[in-house]
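Student: Build me a structure from this.
(chains A and B)
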Amino acid sequence: MAHITLDLAHSYKPRPQQDSDYALLPLAMEFQDGGAYALLGPSGCGKTTMLNIMSGLLVPSHGKVLFDGRDVTRATPQDRNIAQVFQFPVIYDTMTVAENLAFPLKNRKLPEARIRERVGRIAEMLEMSGQLDQRAAGLAADAKQKISLGRGLVREDVAAVLFDEPLTVIDPHLKWQLRRKLKQIHHELKLTLIYVTHDQVEALTFADQVVVMSRGKVMQLGTPDALFERPQHQFVGHFIGSPGMNFLPAQSAAGRLQVAGHALEQPAGRGLPEGALQVGVRPEYLALAQPGAAGALPCTVQRVQDIGTYQMLTAQVGEHLLRARFAPEQRLPAPGETAWLQVLGAHTCYYQNEELLP
Amino acid sequence: MSATTKPVNQKAWFLILPVLLCVAFSAIVPLMTVVNYSVQDIISPERRVFVGTEWFAAVMRDEELHAALWRQLTFSLAVLLVEIPLGILLALSMPAQGWKASAVLVLVALSLLIPWNVVGTIWQIYGRTDIGLLGAALQSMGIDYNYTGHASDAWVTVLVMDVWHWTPLVALLCYAGLRSIPDAYYQAARIDGASKLAVFRYIQLPKMRGVLMIAVLLRFMDSFMIYTIILLLCFILYNWMQRVGTTAKEGAGHE
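Tutor: Next up, the predicted model:
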């Protein structure tokens, strides 16, 4: 187990000139020993690049990787003692399930009895004890991926286990089980787990700390709660949540806030800077308000959708659309009617140049 | 009975009549004629004697045929034993990407473009002890090499010739098999701490199984046709030897 420190940048091009040449822009990150992390971001944001740099499959073009303070920038995956699980199941076709699970241990010349014990334990965790003597080649995709997961977890002394979108090939109902299993294994084995995904539900349920990335840049590192409540960057607000945060352009001047053609009183004690701002509010926090209430805007209801567990209201204010989530039993105004929505409140975030204002 | 019953129309039989006629004319009738010949001793078109299975018995007991069959099998096995491992080794050492990969592919495939009789001629001259590099070199090393004189030398020469000509085919097939292995397998093997040998044994070899089966089949079948090249070689050689020492100007070289 190890404490991982990254201070690096990476470009696949030999002589990077501008920001877009970098797969990873210069960054400094710390991964605590024994933590469960998720790297979350859209495709092509650099999360797999970061993972491969940590595992040693890729050498960063600039900077260093430290494991417990030791420089391992150029060390191989074996030297770093890292385990990695890939997006698509990698199994050794000619071996049985047990031999597959034992392979990383056998290569490291562990005693036979110890190998048998570890394989038995991991198989039990993954509920594969009954299949140990089966040929791995004949199994279904999710069973194969369980073997891949097992091979990643079978070594006790690994510095970290890295997962590269490991549940892509798994059926949705099994995804839940496996994710719970991983969380349970994390509690039992106290391993450092780093999990790459573009699925926010996966990231937010699995990890204690989530790293949100976009275009080679780390946007925010925080707990799922912090990402939801206080997105540090407009991208995070937009990316996390379903649907993402609503943003309205605003002008701040002399204690008042001009939002979509309406002048609102600034919330007391906020001390917003003068000039152009963006007001961000989660659909969950857009409540219905009395007409003319402080911090509320009159909106024209466009659509009300019943999505089973909640209702989604889409409303227009000026030229901007707002989405709000309501409980299924809530009575909502019909399309065409005017509804007052509480835009400014305790959960509202303010952004200048896309960055959160304190 | 299934719920859907097929309509019955006996006239449909007429539709397969053209095929039946074609196959009968091109295959069934000629084949049965040969079967008919095989059970008769035909002295002249008018005089024939029915002999039953006598010809078959004679062929089965023929020492020459047995010897030829064994020689052929030994040769085919030798071809496989040399070409398959050599092809795999070659494929493993070929570059995977970039202009080098294309260049090596073309170079390796060159020998496959050469017709059989040209291969024969190349090796016939190459192996000669007077003007051929291989023959002369072996001779100067004190090895009594003579592919026209010693049966074993001839056998080895034909084997080397076949290896030279066809190993690239095995290599190309293996190369295709190797390229189809996703990178994740190699990365996973590195992370699992597998040695080069283990990567070959547990990833590359199993993933190449399909193409190797095809390579073995192709080379085994093709090696049964090797006698044509030998026939050709001997024929050219024979003609050429006939003219050596005569005054005839034309055909004094090889044909």
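Student: Could you give the backbone dihedrals for residue A:222?
Tutor: Backbone geometry at residue A:222, expressed as degrees, to the nearest 10, gives phi -170, psi 180.
Student: how deep is it tucked in, by neighbour count?
Tutor: Residue A:222 is flanked by 18 other residues according to other Cβ atoms under 10 Å in any protein chain shown. Placement of C-beta: from N, CA and C, glycine included.
Student: go on, residue A:312?
Tutor: Applying the criterion other Cβ under 10 Å, we find 16 residues in the vicinity of residue A:312.
Student: and what of the one 4 residues further on?
Tutor: One way to gauge burial is a neighbour count; for residue A:316, by other Cβ under 10 Å, it gives 14.
Student: wait, is it part of a strand?
Tutor: Yes - under DSSP: H, G, I helix; E, B strand; the rest coil, residue A:316 sits within a strand.
Student: which residues touch residue A:111?
Tutor: Remark: with contacts taken as Cβ atoms under 8 Å, 6 or more residues apart in numbering or on different chains, residue A:111 is in contact with nothing.
Student: Contact residues of chain B facing chain A?
Tutor: With Cβ under 8 Å from any Cβ of the partner chain as the criterion, chain B meets chain A at residues B:182, B:184-185, B:187-188, B:190-195, B:198, B:202-203, B:206-207.
Student: same thing but 7 Å
Tutor: For chain B, the contact set with chain A under Cβ under 7 Å from any Cβ of the partner chain comprises B:184-185, B:187-188, B:190-194, B:198, B:202-203, B:206.
Student: Can you name the next helix or strand after the longest helix along chain A?
Tutor: When every helix of chain A is counted residue by residue (DSSP state H), the longest turns out to be helix A:172-189. Tracing the chain past helix A:172-189, the next element assigned as helix or strand by DSSP states H and E is strand A:193-197.
Student: what's the angle from the worst-scoring helix or strand of chain A on mean pLDDT to strand A:193-197?
Tutor: Among the helical and strand segments of chain A, the one scoring lowest on mean pLDDT, DSSP states H and E is helix A:172-189, with a mean of 83. Interaxial angle of helix A:172-189 relative to strand A:193-197 (axes from the mean of the first three to the mean of the last three Cα atoms, to 10 degrees): 160 degrees.
Student: Now helix A:172-189: buried residues?
Tutor: Counting neighbours by 16 or more other Cβ atoms under 10 Å in any protein chain shown, one finds that the buried residues in helix A:172-189 are A:174, A:175, A:178, A:179, A:181, A:182, A:183, A:185, A:186, A:189.
Student: Which strand or helix spans the residue most central in space within chain B?
Tutor: Geometric centre of chain B, nearest residue: residue B:222, 2.2 Å, by Cα atoms, centre = their mean. Mapping residue B:222 onto the secondary structure by DSSP H and E places it in helix B:205-223.
Student: what packs against that helix?
Tutor: In terms of contacts (3 or more Cβ pairs under 7 Å, 6 or more residues apart in numbering or on different chains; DSSP states H and E), helix B:205-223 is packed against helix B:63-93, helix B:151-179.
Student: Mean neighbour count and mean pLDDT for those - can I get that in a markdown table?
Tutor: Output for the helices and strands packed on helix B:205-223, formatted as a markdown table (neighbours: other Cβ atoms under 10 Å in any protein chain shown; pLDDT from 0 to 100):
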| stretch | mean neighbour count | mean pLDDT |
| --- | --- | --- |
| helix B:63-93 | 15 | 92 |
| helix B:151-179 | 19 | 90 |
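Student: Identify the residue nearest residue 40 in space, chain neighbours excluded?
Tutor: By default, I'm working from chain A. Counting by Cβ to Cβ, 6 or more residues apart in numbering or on different chains, residue A:40 lies nearest to residue A:203, which is 4.1 Å off, once chain neighbours are set aside.
Student: I was thinking of chain B, sorry if that wasn't clear
Tutor: With Cβ to Cβ, 6+ apart as the criterion, residue B:40 has its nearest non-adjacent residue at 4.9 Å, and that residue is residue B:48.
Student: show me what contacts that neighbour?
Tutor: Residue B:48 is in contact with B:40, B:41, B:42, counting by Cβ atoms under 7 Å, 6 or more residues apart in numbering or on different chains.
Student: rewinding a little: need the residues that contact the longest helix of chain A.
Tutor: When contacts are defined by Cβ under 7 Å, 6+ apart, helix A:172-189 is touched by residues A:36, A:125, A:126, A:142, A:153, A:167, A:170, A:193, A:202, A:205, A:206.
Student: any idea how far residue A:135 lies from chain B?
Tutor: Shown here: residue A:135 relative to chain B, a distance of 11 Å by Cβ to the nearest Cβ, to the nearest Å.
Student: oh sorry, the question was meant for residue A:228
Tutor: When Cβ to the nearest Cβ is the yardstick, residue A:228 and chain B sit 33 Å from each other.
Student: which of the residues in whichever strand or helix holds that residue are buried?
Tutor: Assigned by DSSP H and E, residue A:228 falls within helix A:224-229. Residues of helix A:224-229 classed as buried: A:224, A:227, A:228 (neighbour count, 16+ other Cβ under 10 Å).
Student: related to what we said a few turns ago, could you single out the nearest of the contacts of residue B:48 to chain A?
Tutor: residue B:40 (55.3 Å; Cβ to the nearest Cβ).
Student: Contact partners for residue A:123?
Tutor: Counting by Cβ under 7 Å, 6+ apart, residue A:123 touches A:101, A:129, A:132, A:150.
Student: ok, 8 Å please
Tutor: A:97, A:98, A:101, A:129, A:131, A:132, A:150.
Student: Same question for residue B:15.
Tutor: With Cβ under 8 Å, 6+ apart, residue B:15 has no contacts at all.
Student: again, but for residue B:43
Tutor: Shown here is residue B:43, whose contacts under the criterion Cβ under 8 Å, 6+ apart are residue B:49.
Student: Would you mind measuring from it to residue B:62?
Tutor: 21 Å (Cβ to Cβ, to the nearest Å).
Student: re earlier: pull out the buried positions in the helix holding residue B:222.
Tutor: For helix B:205-223, the buried set under the neighbour-count rule, 16+ other Cβ under 10 Å, comprises B:206, B:207, B:208, B:211, B:212, B:215, B:219, B:223.
Student: contact partners of that helix?
Tutor: Outside helix B:205-223, the residues within contact range by Cβ under 8 Å, 6+ apart are A:92-94, B:72, B:75-76, B:79-80, B:83-84, B:87-88, B:162, B:166, B:169-170, B:173-174, B:176-178, B:180-181, B:185.
Student: cool, stretch A:323-343 as well?
Tutor: A:243, A:246, A:248, A:259, A:264, A:279, A:281, A:283-293, A:295-304, A:306, A:308-315, A:317, A:322.
Student: Out of these, which sit inside strands?
Tutor: Among the contacts of stretch A:323-343, the members falling in strands (DSSP state E) are A:246, A:248, A:259, A:264, A:279, A:281, A:296-304, A:306, A:311-315, A:317, A:322.
Student: For chain B, what is the nearest residue in the stretch 151-300 of chain A?
Tutor: When scored by Cβ to the nearest Cβ, the stretch 151-300 of chain A has residue A:151 as its residue closest to chain B, at 6.4 Å.
Student: helix/strand/coil for that residue?
Tutor: When states are read from three-state DSSP, the local structure at residue A:151 comes out as helix.
Student: That one - how many residues pack around it?
Tutor: By other Cβ under 10 Å, 25 other residues sit near residue A:151.
Student: Residue A:72 now?
Tutor: Using other Cβ under 10 Å, residue A:72 is surrounded by 20 other residues.
Student: Same question for residue A:320.
Tutor: Residue A:320, neighbours per other Cβ under 10 Å, totals 16.
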